[in-house]
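[1] quick one, what's the 3D model for this:
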Amino acid sequence: MLQQPISVSFNVNANQQITLGTGKIARQADGAVTVQQGNCIIMATVVANKDPKEGQDFFPLSVDYQEKFASAGRIPGSFFKREARLNDYEILTSRLIDRALRPLFPEDYLCDVQVLISLVSSDEEILPDSLACLAASAALAVSDIPIKEIISEVRIARVKGEFIINPTRTQLKDAEFEFIIAATEKNLMMVEGEAKECSEADLIKALELAHDAIRIQIKAQAELRAKAGVTTKRDYKKPEQNEEVKAKVYAFAKDRVYEISRKGSSKNERSEAYSVLKDEVIAHLGEEATDLEKKLAKKYYEDLKWEVVRNMILEDRIRLDGRKLDEIRPLAMETEPLPTPHGSALFTRGETQSLTTVTFGTKLDELLAETAAKSEYSKFILHYNFPPFSTGEVKMMRGPGRREVGHGNLAMRSLKQMMPGNEYAYTVRVVSDILESNGSSSMATVCAGSLALMDAGVPIPKHVSGVAMGLITREDGKYAILTDILGDEDHLGDMDFKVTGTRDGICGVQMDIKVDGLSMEVMREALEQARKGRLHILDAMYECIPAHRPEVKPHAPRMIKLIIDKEFIGAVIGPGGKIIQEIQRETGATVNIEEVGNTGEVSIFSASKESLDKAVAWVRGITATPEVGEVYEGPVKGIKEFGAFVEFMPGKQGLLHISEISWKRLESMEGLFKEGDMVKVKLVGLDPKTGKFKLSRKVLMPKPEPQPREPRNENPEQA
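    This is a model prediction of the structure:
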């Protein structure tokens, strides 16, 4: 018998009613729900295999969020006119959901799980990404797939001093900061967002308010599950265990793992020592060991490393590379390591290294980001590349994966806070190539990106740096907060917390928590330790390059943006584009003009300063308003018997009357000028009848002294 449709409605904010529904659509999925707010409707389905694949030793969770263009009444712009691979926005939304859901599954659950979330109806004001995780979690809640807890996500922003849960698109435009936060009833699970230099205290307050709103959504999901009659979760096949093999591995390798871990060696030395010991562990099992026992021994060996290193950090306060808990690895940085790019920097922190370049482009180089709801152009682009050699591996080189997109987005959002506004003429592309990786390469990208932007002459007011924090906890309440975590510390830790910012506040946050019971006190301590680490890195960056270069590099293209009155747009373009084409042909510059509100934006781009100056002067001449009393110089365009027509400004001619050419009375124009002669004139007025410009040349000449008259002879006899 098919389930009847059921629904639950609730409010997070006033006038923000959200409805969860199930039992009406996609009824063959293990769980399916719709989430509706306003006209925004999201459908989420979840299906899990009943048994894991043979030999499976990891949890295969796949999460895909996709926006159907029909949801906004649009047809995709691709050649095939259908939705294709996920765009960056969809990938980033999928990552937000994946990072929140993954910790909900039991550690020994290894069945394939597929979560699909689709935007099927769009609302101009409702942001769907803040509802997508709610939909995914609700689909899991009404299924029999074994999850430990219910979660949800909300976006929180501060707009004009007011904290708003799930702000509208219009409200978000004026936001001082925005964070997407995922949590269970008791614990935060994930944080991601950006801020215009917010304080640590403001972030803590945002987390607390968001958690209160999340609890409302969790309660609604529990109510929906109860209405759906879901009371038990399915059993599943657990991986095989062998306590005897585990005991052998621990007894043989525990002390050796501790010895390797506390040496403070480099990543390669440590990895080699661990690998050699693993081979010895397998050999210790004896020739009679089965393949399954050997496979289990490798797993137990990794579990042993996890336990030993965590306990070493908690008890001895010693880290894998010998640092103190709050110590940053050695820093090395330089600007302009590459001569040809418009800006470049090489940033090294321990065994993590980023080579970052900056390239300037025109309006035509802006990035089009298309979603179902809208299409937007971006003038600031950041791409992050993670080649396999950076970790000493051999892998197929393919397009950027979800990790690259996510890391690049965090760096982009952080640096964007310091980028100049729309008045800045350039399109700016930053590319970070990771050359070494052992620890947060996304934070290295932020630091290298800031240095490269300064080197390129982009007028950013402050440096932005970033640091990755880690956390080790134990059931007895003991914990250790780690600054500038290594790759191994990220793997074995309970938190990966990246914080970027300036000396004055936070610009970006990305946090994933793998442990229950993270208190706000520990969060405050972690944020304060991150602030000190960030400032330490910033001090070194300011020593490297204290401020942006006053000008772009000599080989970099020049670009200027002019704001003109709307009425002059047609004059710059000319009939059929005649004038703008002439400007580009004669100067060699690229000129782009567009209408923005009641003004026109003219972007002029050239590889030559001389070419740029010539084009700028031309456009300014067309758009300038003639002022009576000003002196101009221009060519003679035509000669009549009553005077000459002079183009005193581009596109503007005035009459130089024969009586205004010289203080001397002239009988004719013959021989005075020829077309093309340059004449300096003064604008003396406008003809009130015709509105034409009246020019004078003689007023720029010294006025001749009047000649004295000869005295008259009054004597008649002499006359």
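[2] now the helices: where do they sit in this protein?
    Remark: helices assigned in the chain by DSSP state H are 88-101, 129-141, 169-172, 200-228, 243-261, 267-284, 291-316, 402-416, 441-456, 487-492, 520-544, 569-573, 578-587, 609-623.
[3] so which of those helices is nearest Asp57?
    Comparing those by their distance to Asp57 (C-beta to C-beta), the top pick is helix 291-316, with 7.0 Å. Backbone N, C-alpha and C define where each C-beta goes, glycine included.
[4] just the endpoints, please. Distance across stretch 167-186?
    In stretch 167-186, first residue to last residue: 24 Å (C-alpha to C-alpha, to the nearest Å).
[5] buried stuff in it?
    By 16 or more other C-beta atoms under 10 Å, the buried positions in stretch 167-186 come out as 167-168, 171-172, 175, 177-184.
[6] which one of these is nearest Ser275?
    Distances from Ser275 to these, taken by C-beta to C-beta, are shortest for Ala182, at 36.2 Å.
[7] you'd agree that closest one is up against Leu207?
    No. Contact status for Ala182 versus Leu207: not in contact, 11.0 Å apart, counting by C-beta atoms under 8 Å.
[8] need the overlap of contacts for these two.
    Leu188, Val191 (C-beta atoms under 8 Å, 6 or more residues apart in numbering).
[9] and stretch 615-635, what's its mean pLDDT?
    The average pLDDT for stretch 615-635 rounds to 86.
[10] quick one: residues in contact with that stretch.
    With C-beta under 8 Å, 6+ apart, stretch 615-635 has contacts from 560, 562, 564-565, 568, 571-572, 579, 583-584, 586-587, 589, 591, 602, 604, 606, 646-652, 675-686, 693, 700.
[11] try it again with 6 Å
    The contact list for stretch 615-635 (C-beta atoms under 6 Å, 6 or more residues apart in numbering) reads 560, 562, 564, 568, 571-572, 583, 587, 589, 602, 604, 646-651, 676, 678, 680-683, 685.
[12] next one: it to chain centre, how far?
    41 Å (C-alpha atoms, centre = their mean, to the nearest Å).
[13] could you do stretch 509-523 as well?
    24 Å.
[14] what does stretch 23-31 give?
    That offset, for stretch 23-31, works out to 36 Å (C-alpha atoms, centre = their mean).
[15] what is the end-to-end distance of that stretch?
    Stretch 23-31: ends 9 Å apart by C-alpha to C-alpha.
[16] what residues sit buried inside that stretch?
    Neighbour-count burial for stretch 23-31 [16+ other C-beta under 10 Å]: Gly23, Ala26, Ala29, Asp30, Gly31.
[17] and Asp51, how far is that from Asp123?
    Asp51 sits 41 Å away from Asp123 when distances are taken as C-beta to C-beta, to the nearest Å.
[18] quick one, which of these two is more surrounded?
    Asp123 (19 against 12; other C-beta atoms under 10 Å).
[19] list the contacts of that one.
    Asp123 sits in contact with Gly38, Asn39, Cys40, where contact means C-beta under 6 Å, 6+ apart.
[20] how close does Asn385 sit to Val431?
    Counting by C-beta to C-beta - Asn385 and Val431 are separated by 7 Å.
[21] check Ala29 too.
    For Ala29, the distance to Val431 equals 41 Å [C-beta to C-beta].
[22] the helix-or-strand element of the chain with minimal mean pLDDT pairs with which strands, and in what direction?
    Least confident helix or strand, the chain: strand 367-370 with a mean of 82, by mean pLDDT, DSSP states H and E. Applying DSSP bridges, strand 367-370 is found paired with strand 375-378 (antiparallel).
[23] need the residues that contact the partner strand.
    By C-beta under 6 Å, 6+ apart, the residues outside strand 375-378 that reach it are Glu366, Leu367, Leu368, Ala369.
[24] include neighbour count and distance to Lys267 when you put the residues you listed into a markdown table, please.
    Formatted as a markdown table, those follow (neighbours: other C-beta atoms under 10 Å; distance: C-beta to C-beta, whole Å):
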| residue | neighbour count | distance to Lys267 |
| --- | --- | --- |
| Glu366 | 15 | 40 |
| Leu367 | 15 | 35 |
| Leu368 | 9 | 40 |
| Ala369 | 14 | 37 |
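[25] of these, closest to Ser118?
    Ala369 (19.3 Å).
[26] got the contact list for that closest one?
    Here Ala369 is in contact with Glu376 (C-beta under 6 Å, 6+ apart).
[27] the same query, at a cut-off of 10 Å, please.
    Ala369 sits next to Asn87, Asp88, Tyr89, Ser375, Glu376, Tyr377, Ser378, Ile381 when contact means C-beta atoms under 10 Å, 6 or more residues apart in numbering.
[28] how near is it to Asp88?
    Distance, Ala369 to Asp88, using C-beta to C-beta: 7 Å.
[29] what touches both of Asn385 and Val431?
    Common neighbours of Asn385 and Val431 (C-beta under 10 Å, 6+ apart) are Leu355, Gly408, Thr445.
[30] show me what contacts the last one?
    When you say that, I think you mean Thr445. Applying C-beta under 10 Å, 6+ apart, the residues near Thr445 are 347, 352, 354, 356, 382-386, 407-408, 410-412, 414-415, 430-434, 466, 500.
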